[in-house]
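**Q** Got a predicted structure here, sequence first:
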Amino acid sequence: MVLAAGLGTRMRPLTNDRPKALVEVAGRTLIDHMLDRLADAGVETAVVNVHAFADRLEAHLKARTGAPAIVISDERGELLETGGGLRKARPLLGEDAVFVANIDSVWTEDGAPAIDSLAKAWDPERMDVCLLLARLDRTLGFDGAGDFFLADDGALTFRGEAPSAPFAYMGVHICKPGLVDDGPDGAFSLATIWRKLAPLGRVHGVVMDGFWMHVGDPGARDEAEAKLAGG
């Protein structure tokens, strides 16, 4: 599932006439960057949720060629955030584990493909969620102090009150879709579920071999383009 329904307010003025998903970085839209990554990992079908400028995004997706096939989860009536969006899309997703991806994440790879590494790390017996992580010293456009500590067995602990943590969630994870079944009606964040599961050892992570760019605002977009161009 690709989460593309956000309003993109931090990306204005680039989102005055389009959804954030259609902002371009290095000549390709953000959503195409992500869908192409998923296709390279063997994903055959992607559910995409839509809200802002939904007609324009749907037209763009219909014009794509090649994998993955696109199924729309329509959130025109109400913006549901990450958890609510996943819950609304549940009838489209089935019961097997799914990749869930934000559209403001672009990266380069130095070793194993990041999504392949995430899939290889997935173990439903030990985890309900596995997050793809970036090292803080290999990020651009991320202004936080880190999100997680990573144990030797791959289990994650939230930063909490610590001044910093070495790893940032970089917008892609794999999970059991049923974890949202007991979530509240309407909008809610997946992070609220992760915070309940993490103390139980059910939230794990894998660190990507590469450089992550969080494309959250126009300045970050420009920086990402320069990085991809070799600047």
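**A** Everything's here; your move.

**Q** secondary structure class for L92?
**A** Following DSSP: H, G, I helix; E, B strand; the rest coil, L92 is assigned to helix.

**Q** What are the neighbouring residues in contact with it?
**A** By CB atoms under 8 Å, 6 or more residues apart in numbering, the residues touching L92 are 47, 71, 73. Where C-beta positions appear, they are placed from N, C-alpha and C, glycine not excepted.

**Q** What helix or strand is the second one located in?
**A** Assessed by DSSP states H and E, V71 sits inside strand 69-74.

**Q** average pLDDT for that strand?
**A** If you average the pLDDT over strand 69-74, you get 97.

**Q** That strand: what's the following helix or strand?
**A** helix 81-88.

**Q** and the angle from that next one to strand 69-74?
**A** Angle, helix 81-88 to strand 69-74, by axes from the mean of the first three to the mean of the last three CA atoms, to 10 degrees: 110 degrees.

**Q** for the chain, which spans come out with low pLDDT?
**A** Per-residue confidence of the chain (counting by pLDDT under 70) places the weak regions at 231.

**Q** hey, where'd the helices end up in it?
**A** For the chain, the helices defined by DSSP state H cover 30-40, 54-63, 81-88, 90-93, 114-121, 190-197, 218-228.

**Q** what would the ones you listed look like in CSV with distance to T9?
**A** Output for these, formatted as CSV (distance: least, CB to CB, whole Å):
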stretch, distance to T9
helix 30-40, 15
helix 54-63, 16
helix 81-88, 14
helix 90-93, 27
helix 114-121, 28
helix 190-197, 19
helix 218-228, 12
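
**Q** Direction included, what does the strand holding V71 pair against?
**A** strand 45-50 (parallel) (DSSP bridges).

**Q** Check which residues of the strand it pairs with are buried.
**A** 46-50 (16 or more other CB atoms under 10 Å).

**Q** can you tell me which of the helices of the chain comes nearest to G178?
**A** G178 lies closest to helix 90-93 among the helices of the chain, at 7.9 Å (CB to CB).

**Q** May I have that closest one as CSV, with CA atoms only?
**A** Taking C-alpha atoms only, helix 90-93 is exported to CSV below (Å, rounded to 0.1, in the frame of the first residue of the first chain):
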residue,chain,number,x,y,z
ARG,A,90,-8.3,-3.7,4.4
PRO,A,91,-10.8,-5.3,2.0
LEU,A,92,-8.4,-4.6,-0.8
LEU,A,93,-5.3,-6.0,1.0
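
**Q** Now do the buried residues in it.
**A** 90, 93.

**Q** so who does P184 touch?
**A** Shown in contact with P184 (CB under 8 Å, 6+ apart): G84.

**Q** Noted, bye for now.
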